[in-house]
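Q: A structural model of the following input is requested.
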Amino acid sequence: HSEEAGQGAAPRLTAAPSVPDFDFHGELRDFLPAALRDRPLAVAVAPHETAKHVIEALGVPHTEIGAIHIDGHPASLDSLLPPAERIDVYPHAPPTAGAGASAPRFIADAHLGRLARHLRFAGLDTLWENDWGDAALAARAEQEARIVLTRDRALLMRANIGRGCHIRSGEPLSQLAQVARRYGLCLADGQASRCLECNAQPEPVPKLQVASELPPRTAAAFDAFWRCPGCLRLYWRGSHWQRMHAALVAVDRTLGPNSVPSAG
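A: Numbers count the residues shown, from 1 in each chain. Okay, here's the model as predicted:
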């Protein structure tokens, strides 16, 4: 600054930061250190900082935020934070019936392969590859407006990720239940499954056309078959299908009356 003053420049004045109390509600508290979860946090906020910047600096991904109130008034993540006494940050509210007509489209990170398969079995458009890097996944999600599913909160903080869900459990069926609750999915509504390997939609194929590919016991026991147009995998409703269907029905039953038809 001394060099600028010597050239006759006006001194730069920095406004003093405000120190509002941030109160994170519900499951959002789980992102905070354990010692800080039971009380509002006094945080120094500079005039140029947005709500998103401060909230993510505290460890909460913007994708997990459902609503923000500044001194009781609704605000957005992009809002500059004016001098305020209290900022309430809420998680997403449960979806309501009629919230949207189209099913959500997902993209799962490399560690959620089993979750991706369950979602595909439920008929939900879910991309997954076991060698995706964060940058490639985020770019694909942005390009195709997909919801990112991940256990990596840092991935969800990338600026080009608009929608996402931080998966809390390491158990695939618990993960499936979380996603179903978050997005109001009916897992057992009878919609056609997608290919478990490549996410394409299998098409019915005559038994005579695939007879030469079938094990004798399968040919004797089943009459309905489906071929994936992407990877050419052949499907029928054998014991593996029965187990996956039973798992989806069991998870669906745990969702309770809040479960609604699939919504975006």
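Q: you'd agree residue 92 is up against residue 63?
A: No. Contact status for residue 92 versus residue 63: not in contact, 9.1 Å apart, counting by C-beta atoms under 8 Å. Where C-beta positions appear, they are placed from N, C-alpha and C, glycine not excepted.
Q: The two: which is more packed in?
A: residue 63 (20 against 17; other C-beta atoms under 10 Å).
Q: Quick check: closest non-adjacent residue to the more buried one.
A: residue 164 (3.7 Å; C-beta to C-beta, 6 or more residues apart in numbering).
Q: So in terms of bridging, what pairs with the one you found?
A: residue 148 (DSSP bridges).
Q: quick one, what contacts it?
A: Each residue near residue 164 by C-beta atoms under 8 Å, 6 or more residues apart in numbering is listed here: 61, 63, 141, 147-150, 155-156.
Q: Could I get the full set of helices for the stretch 51-200 of the chain?
A: When assigned using DSSP state H, counting those that start in this stretch, the helices of the stretch 51-200 of the chain occupy the ranges 51-57, 113-121, 134-144, 153-156, 172-183.
Q: Show me the one of those that comes nearest residue 195.
A: Judged by C-beta to C-beta, the one of the helices of the stretch 51-200 of the chain that comes nearest to residue 195 is helix 113-121, at 6.8 Å.
Q: Would you map the strands across the stretch 1-150 of the chain?
A: 21-24, 41-42, 65-70, 73-75, 86-91, 106-108, 126-128, 147-150 (DSSP state E, counting those that start in this stretch).
Q: Can you show me the strands along the stretch 151-264 of the chain?
A: 164-166, 203-205, 225-227, 234-235.
Q: what residues does the third one touch?
A: Contacting residues not belonging to strand 225-227 are listed as 202-207, 210, 214, 233-236 [C-beta under 8 Å, 6+ apart].
Q: in its sheet, what does that strand sit against?
A: Partners of strand 225-227 in the sheet, by DSSP bridges, are strand 203-205 (antiparallel), strand 234-235 (antiparallel).
Q: could you give the angle of the helix ranked longest in the chain to helix 172-183?
A: Using DSSP state H to define each element, the chain has its longest helix at helix 239-254. Inter-element angle recorded for helix 239-254 and helix 172-183: 50 degrees (by axes from the mean of the first three to the mean of the last three C-alpha atoms, to 10 degrees).
Q: which stretches of the stretch 1-150 of the chain have low pLDDT?
A: Residues of the stretch 1-150 of the chain meeting the criterion pLDDT under 70: 1-16, 97-101.
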